[in-house]
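Visitor: Next one to model:
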Amino acid sequence: MSARYPRDSWATRSEVFAGNGMAATSQPLASQAALAVLQEGGSAVDAAIAANAVQCVVEPTGAGLGGDLFAMVWDPSGKRLRGLNASGGAPAAATRSWFEGKGHKQIPDQGPLSVSVPGMVRGWESLHGEFGRLPLRRLLQPAASLARDGFPVSEIIAGEWAAEGKRLAEQPGFAGTFLPAGRAPRKGERFRNPGLARLLESIANDGPGVFYQGPAARNMAETVQQAGGLLAEQDLAGYQAEWVEPVSVDFMGKTVWQLPPNGQGIAALQMLKLIEPWDLKHAGFGSPEHVHLLVEAKKLAFADRARYYADPAFESSAVSGLLDKAYIDQRRRLIDESRAATQVAAGEPRLDRGDTVYLSTADSDGMMVSLIQSNYMGMGSGVVPVGLGFSLQNRGALFSLEAGHPNVIAPGKRPFHTIMPGFVTREGEPWLSFGVMGGAMQPQAQVQVLLNLLVFGMNLQAAGDAPRIRHDGSAGPTGKPAAEDGGTVNLEPGFPEGTADALGNRGHRVQVGQGHFGGYQAIAYNPVDRIWRGASEYRKDGQASGY
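Guide: The predicted model follows:
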């Protein structure tokens, strides 16, 4: 620990400062593509699209044209936050009775039956149509060039690629595209993807519609159906992304924003409000009180997540009820400060009828983008349409087959989603665009980052690098019951000596160093000095860069 920087002792590097624009992504080549676009006069949205396209090439373990996308955009001209849901739905033929008739108790987590409509490319189209300045051809050029000419695979991505290769090698088209010479590329080896280069060039020249109609769509549908799946050309042709209104809560003098379901962002807002009354600053970072209260709040929020989060076009929305002060107060009373809960049920609010990549960009006009994109589990379903160079997502695996469950599969219905971009404003001005990758870790980690910033006084880099807490065992989105033993508290190495033992005395099962703890990127803004700060944590290959 440095005596000079006691508050920021967790930081693995300095924050990045810039006066004109900033990009923070999970891969340096993506950050560099975004920065070049900003320097040419592109908007933060232009930079985000360029970066995301590069991620689809260089980080197929978390990103891809076969996945979905969610974003929040701070529009400086209107001084408002816009939300985009670019998640696709189930195929028209995907009914609960079809799966039951085939003997399925749950939807497979890989292969053709796990495929839902990929929404990402329509997401690019919607973002660019509202906020783009440079032509799409310019934005997709870096990605297409990297796919055509090749790129050296970075270290963390290489490790994830090897694991995904073992999981998905037998899926249609996967090995021929992603396992050259019969294995995943190793770190530093050059990888080329000519099929993806051609597809990106086609989208750049003819528009995103070529992905959803015509030869590419026909290829996707035929590949899935020949493997026994249900995706059809009509499912692709009818898809459009949707602009939605973000939802928020006030916390520690800031306003924290999330997108409404079918994503899980509401869980982070619930957790913040549940723990708000406790003096965690006095308790201290990593103290038993800090960890215990975070975990107990997470159990309550995730019990509601399992019961209520679903596509609002098909199910009654519980958003306002879940964040209602009286309901939060009622749920908070279930937290025992001295003992871990072993069983947590969903509440009864008033109702109103995986692996991922994250990036943030900001431009000289004050526009900020918080964008998250995913195939769901690593490289998704593993089903790779012939010659297109990407794997279709397996997000359909998150549907339930339980009759009456809010997240039960239905034609055109969007599945429960784990990916959630984060955003924070202060007095009506943008303050922070951030996200943390990692499935069910995302709301837990976003809350921890915000506590690190707003309660424990860490800087932007240290807030992401500090050791994290991951609780596993709460009810999932597919109708499975909550764990009856309280689950497991996983602590990254670095927590104070004695914390694990003290948690054990409160009834928690504790492990150290087990599991996946996410990957964080962030950009913060000072509107008075018009200065950007960027951070990219050590758990990914990422980079924050500005000019």
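
Visitor: In the stretch 401-547 of the chain, what residue spans correspond to strands?
Guide: Here the stretch 401-547 of the chain has its strands, by DSSP state E, counting those that start in this stretch, at 422-426, 429-437, 469-472, 488-491, 509-512, 519-526, 531-536, 543-546.

Visitor: Ok, which of those comes nearest Ser145?
Guide: For the strands of the stretch 401-547 of the chain, proximity to Ser145 was assessed by Cβ to Cβ; strand 543-546 is nearest, at 18.8 Å. Using the backbone N, CA and C atoms, a C-beta is placed for each residue, glycine as well.

Visitor: Can you tell me which helices and strands the closest one packs against?
Guide: Contacts defined by 3 or more Cβ pairs under 8 Å, 6 or more residues apart in numbering; DSSP states H and E place strand 543-546 against strand 16-18, strand 22-25, helix 28-39, strand 519-526, strand 531-536.

Visitor: Quick one: the ones you listed as a markdown table, columns for mean neighbour count and distance to Asp68 too.
Guide: Converted to a markdown table, the helices and strands packed on strand 543-546 look like this (neighbours: other Cβ atoms under 10 Å; distance: least, Cβ to Cβ, whole Å):
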| stretch | mean neighbour count | distance to Asp68 |
| --- | --- | --- |
| strand 16-18 | 18 | 29 |
| strand 22-25 | 34 | 18 |
| helix 28-39 | 24 | 18 |
| strand 519-526 | 26 | 18 |
| strand 531-536 | 26 | 23 |
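
Visitor: Arrange those in JSON lines, one row each, with distance to His290 as further columns.
Guide: Putting the helices and strands packed on strand 543-546 into JSON lines (distance: least, Cβ to Cβ, whole Å) gives the following:
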{"stretch": "strand 16-18", "distance to His290": "28"}
{"stretch": "strand 22-25", "distance to His290": "26"}
{"stretch": "helix 28-39", "distance to His290": "32"}
{"stretch": "strand 519-526", "distance to His290": "18"}
{"stretch": "strand 531-536", "distance to His290": "21"}
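
Visitor: Who are the contact partners of Val256?
Guide: 248-250, 268-269, 272, 422-424, 450 (Cβ atoms under 8 Å, 6 or more residues apart in numbering).

Visitor: let's see 7 Å
Guide: Val256 is in contact with 248-249, 269, 272, 424, 450, counting by Cβ atoms under 7 Å, 6 or more residues apart in numbering.

Visitor: With Met271 instead?
Guide: Here Met271 is in contact with 297-298, 301, 443, 447 (criterion: Cβ under 7 Å, 6+ apart).

Visitor: List just the nearest of those to Val224.
Guide: Closest approach to Val224 among the contacts of Met271 (Cβ to Cβ): Pro443, at 31.2 Å.

Visitor: I figured the closest one hits Ala267, correct?
Guide: Yes. Applying Cβ atoms under 7 Å as the test, Pro443 and Ala267 come out as touching, 3.9 Å apart.

Visitor: Now the common contact residues for the two.
Guide: Joint contacts of Pro443 and Ala267 (Cβ under 7 Å, 6+ apart) are Ala301.

Visitor: isn't Lys298 right up against Gln446?
Guide: No. The criterion here is Cβ under 7 Å, and Lys298 misses it with Gln446 at 11.4 Å.

Visitor: neighbour count winner among these two?
Guide: Taking other Cβ atoms under 10 Å, Lys298 and Gln446 do not tie; Lys298 has more neighbours (29 against 26).

Visitor: Please confirm that Ala197 is located within a helix.
Guide: Yes. Counting by DSSP: H, G, I helix; E, B strand; the rest coil, Ala197 falls inside a helix.

Visitor: pretty sure it contacts Gly150?
Guide: No. The pair Ala197 / Gly150 is not scored as a contact, 9.8 Å apart, by Cβ under 7 Å.

Visitor: Among these two, which residue is more densely surrounded?
Guide: Set side by side, Ala197 and Gly150 show more neighbours around Ala197, with 20 against 17, by other Cβ under 10 Å.

Visitor: OK, contacts around the more buried one?
Guide: Ala197 is in contact with 144, 147-148, counting by Cβ under 7 Å, 6+ apart.

Visitor: of all those residues, which comes closest to Leu503?
Guide: Ala147 (46.8 Å).

Visitor: related to what we said a few turns ago, adding distance to Met379 and mean pLDDT, write the helices and strands packed on strand 543-546 out as a markdown table.
Guide: Listed next are the helices and strands packed on strand 543-546 as a markdown table, based on distance: least, Cβ to Cβ, whole Å; pLDDT from 0 to 100:
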| stretch | distance to Met379 | mean pLDDT |
| --- | --- | --- |
| strand 16-18 | 30 | 97 |
| strand 22-25 | 19 | 98 |
| helix 28-39 | 17 | 98 |
| strand 519-526 | 16 | 96 |
| strand 531-536 | 22 | 97 |
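
Visitor: Show me the helices in the stretch 151-300 of the chain, by range?
Guide: 155-168, 174-178, 194-206, 209-212, 215-226, 233-237, 265-275, 280-283, 288-308 (DSSP state H, counting those that start in this stretch).

Visitor: from the ones you listed, which stretch is densest packed?
Guide: helix 265-275 (a mean of 25; mean count of other Cβ atoms under 10 Å).

Visitor: which intervals of the stretch 251-400 of the chain have sub-threshold pLDDT?
Guide: Within the stretch 251-400 of the chain, the segments meeting pLDDT under 70 span 316-318, 348, 350-354.

Visitor: hmm, 50 instead?
Guide: The model of the stretch 251-400 of the chain has pLDDT under 50 over residues 351-353.

Visitor: Please apply the same query to the stretch 401-547 of the chain.
Guide: Low-confidence segments of the stretch 401-547 of the chain (pLDDT under 50): 479-484.

Visitor: So for stretch 201-218, first residue to last residue, what's the gap.
Guide: 18 Å (Cα to Cα, to the nearest Å).

Visitor: what does that stretch contact?
Guide: Taking Cβ under 7 Å, 6+ apart as the rule, stretch 201-218 contacts 121-122, 124-125, 136-137, 140-141, 144, 199, 233, 236-237, 239, 388.

Visitor: so which of those residues comes closest to Ala24?
Guide: Using Cβ to Cβ, Trp124 is the member of these that lies nearest Ala24, at 19.1 Å.

Visitor: just checking, the closest one touches Ile49?
Guide: Yes. Contact criterion Cβ under 7 Å: Trp124 and Ile49 qualify, at 5.2 Å.

Visitor: just to revisit the earlier point, export the helices of the stretch 151-300 of the chain to JSON lines and tack on distance to Trp10?
Guide: Formatted as JSON lines, the helices of the stretch 151-300 of the chain follow (distance: least, Cβ to Cβ, whole Å):
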{"stretch": "helix 155-168", "distance to Trp10": "19"}
{"stretch": "helix 174-178", "distance to Trp10": "35"}
{"stretch": "helix 194-206", "distance to Trp10": "37"}
{"stretch": "helix 209-212", "distance to Trp10": "42"}
{"stretch": "helix 215-226", "distance to Trp10": "44"}
{"stretch": "helix 233-237", "distance to Trp10": "45"}
{"stretch": "helix 265-275", "distance to Trp10": "21"}
{"stretch": "helix 280-283", "distance to Trp10": "16"}
{"stretch": "helix 288-308", "distance to Trp10": "14"}
